[in-house]
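1. What would the 3D arrangement of this be:
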Amino acid sequence: MNRPERSPEATQHRETLARYVTPLLDPSHSLRARRHAMDALSAFAPPVPGVEIEEVDRPEVTGEWLVVGRPDPGQATLFYLHGGGYSLGSPFSHRPLVANLAEVTGSRIFSIAYRRAPEHPCPAALEDALRGWRWFLEQDVDPRRVFVAGDSAGGGLALAMLGQLVREGGSPMPAGLVLLSPWTDLALTGESLERNAGHDVTVSWPVLRRFAADYLAGLDSRDPRASPLYADLHGFPPMLIQAGGEEMLLSDATRLADRARSSGVEVVLDIAPGMWHVWQAWARQMPEAHEALERVAAFINHRLPRRH
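-> Sure thing, here's the model as predicted:
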């Protein structure tokens, strides 16, 4: 099968990831080493000029606010959940991605930290996300202009959080969900896991199996708190689902889109040919990533209340 053409920048960056970064995430390394490697990813992305960061460390929530330039009260405010397989990652490791997202969308973004496996398996991350969400809504935000976003496991966590909010009722719903390469099925049943194995430079079978085992810790792999592909999606807000055409978790995105549409949810499914898992992280290095974030901005802006 012919592989889609990539920009020269994307080709070069893909080779860099495959050679230097991805091997460091292999489960044969210690958890401490893998967490350090994930945080070190931030050094591979140029800083965003003019980004302002305000750290938050409170009993009920830990994370950081990011804004680029002067915030516009008419723009969106995002609640962001980082990826990393529920075991790795942090607001620090994802700062370049979130800062670029803030710049392109013109949004103020809160990037939350949550407890990670294996020390804290499911539902610890979900509990932290829910507690953080309730705090977030008290920070003078307009729910009509709020979006929940996340990448990889953070996308799955965003869905799990919304599922809990829908079941409980009474909490304002965000205006939409932005899911970047979401991991929705810890049972690992998607056909793209086999088809794209070897083409996705950022995940592999050993990595996914280790992440799933550590987060589930014996929990049913189809429990919707961990695998929101199997959740009841009725009542969910509109969602943008982005996935790379060559990522192993492509089927997690396409099957989620099918299930959401069948539940009456408005869905925009955006598949980028030739791209790998969470390619959006490299918006200052390759045009494909910047263009993906521009499509996120279009999704958000289309759903903001009109100004009078």
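
2. Near Arg115, how many other residues are there?
-> 15 (other CB atoms under 10 Å). Using the backbone N, CA and C atoms, a C-beta is placed for each residue, glycine as well.

3. Need phi/psi at the closest residue to Val296 other than its chain neighbours.
-> Closest residue in space to Val296, ignoring its immediate chain neighbours: Val178 at 5.6 Å, by CB to CB, 6 or more residues apart in numbering. With angles defined as degrees, to the nearest 10, Val178 sits at phi -120, psi 110.

4. Quick one: residues contacting Val178.
-> The neighbours of Val178, taking CB atoms under 8 Å, 6 or more residues apart in numbering as the test, are Leu78, Phe147, Val148, Ala149, Gly150, Met239, Leu240, Gln242, Val296, Phe299, Ile300.

5. Tell me which residues touch the closest residue to the last one other than its chain neighbours, please.
-> For Ile300, the nearest residue in space outside its immediate sequence neighbours is Ala76; the separation is 5.0 Å by CB to CB, 6+ apart. Under the criterion of CB under 8 Å, 6+ apart, the contact partners of Ala76 comprise Thr105, Gly106, Ser107, Arg108, Arg145, Val146, Phe147, Ala175, Ile300, Asn301, Leu304.

6. helix or strand for the nearest residue to the second one once chain neighbours are set aside, which one?
-> Setting aside the residues directly before and after it, Gly106 is nearest to Gln75 in space (CB to CB, 6+ apart), at 4.6 Å. Taking DSSP states H and E as the criterion, no element holds Gln75; it sits outside all helices and strands.

7. Compute the number of surrounding residues for Ala292.
-> 22.

8. actually Ala43, sorry about that
-> Counted with other CB under 10 Å, Ala43 comes out at 9.

9. separation between it and Pro96?
-> Taking CB to CB, to the nearest Å as the measure, Ala43 falls 9 Å from Pro96.

10. Same check on Ile271?
-> Distance from Ile271 to Pro96, counting by CB to CB: 23 Å.

11. do the same with Ala10
-> When Ala10 is compared with Pro96 (using CB to CB), they lie 16 Å apart.

12. Looking at the two, which is more packed in?
-> In this view Ala10 and Pro96 are compared by other CB under 10 Å, and Pro96 has more residues nearby, 23 against 20.

13. separation between that one and Thr11?
-> Using CB to CB, one gets 20 Å for the distance from Pro96 to Thr11.

14. Could you list the alpha-carbon positions for the least confident helix or strand in the chain by mean pLDDT in PDB?
-> Using mean pLDDT, DSSP states H and E, the weakest-scoring helix or strand in the chain turns out to be helix 31-40, at a mean of 91. The C-alpha trace of helix 31-40 is given here as PDB (Å, rounded to 0.1, in the frame of the first residue of the first chain):
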ATOM      1  CA  LEU A  31       8.600   4.000  35.300                       C
ATOM      2  CA  ARG A  32      10.700   6.900  36.500                       C
ATOM      3  CA  ALA A  33      12.800   6.800  33.300                       C
ATOM      4  CA  ARG A  34       9.700   6.800  31.100                       C
ATOM      5  CA  ARG A  35       8.100   9.700  33.000                       C
ATOM      6  CA  HIS A  36      11.300  11.600  32.600                       C
ATOM      7  CA  ALA A  37      11.400  10.800  28.900                       C
ATOM      8  CA  MET A  38       7.800  12.000  28.500                       C
ATOM      9  CA  ASP A  39       8.600  15.300  30.200                       C
ATOM     10  CA  ALA A  40      11.700  15.700  28.100                       C
END
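
15. Packing partners of it?
-> Packing contacts for helix 31-40, counted by 3 or more CB pairs under 8 Å, 6 or more residues apart in numbering; DSSP states H and E, involve no helix or strand.

16. What residues of it count as buried?
-> Leu31, Arg34, Arg35, Ala37, Met38, Asp39 (16 or more other CB atoms under 10 Å).

17. how about the fourth one, what does it touch?
-> The contact partners of Ala37, taken as CB under 8 Å, 6+ apart, are Val21, Leu24, Leu25, His29, Leu88.

18. same thing with Asn100?
-> Shown in contact with Asn100 (CB under 8 Å, 6+ apart): Ala45, Val48, Ala283, Arg284, His290, Leu293.

19. Show me what secondary structure element comes after the helix or strand where it lies.
-> Using DSSP H and E, Asn100 maps to helix 95-105. Per DSSP H and E, the first helix or strand lying C-terminal to helix 95-105 is strand 108-113.

20. And the next helix or strand after that next one, what does it pack against?
-> Tracing the chain C-terminally past strand 108-113 and defining elements by DSSP H and E, one meets helix 124-136 next. With contacts taken as 3+ CB pairs under 8 Å, 6+ apart, helix 124-136 sits against strand 77-81, strand 108-113, helix 153-168.

21. Comparing these, which stretch has the densest surroundings?
-> Among those, the stretch with the highest mean neighbour count (mean count of other CB atoms under 10 Å) is strand 77-81, at a mean of 27.
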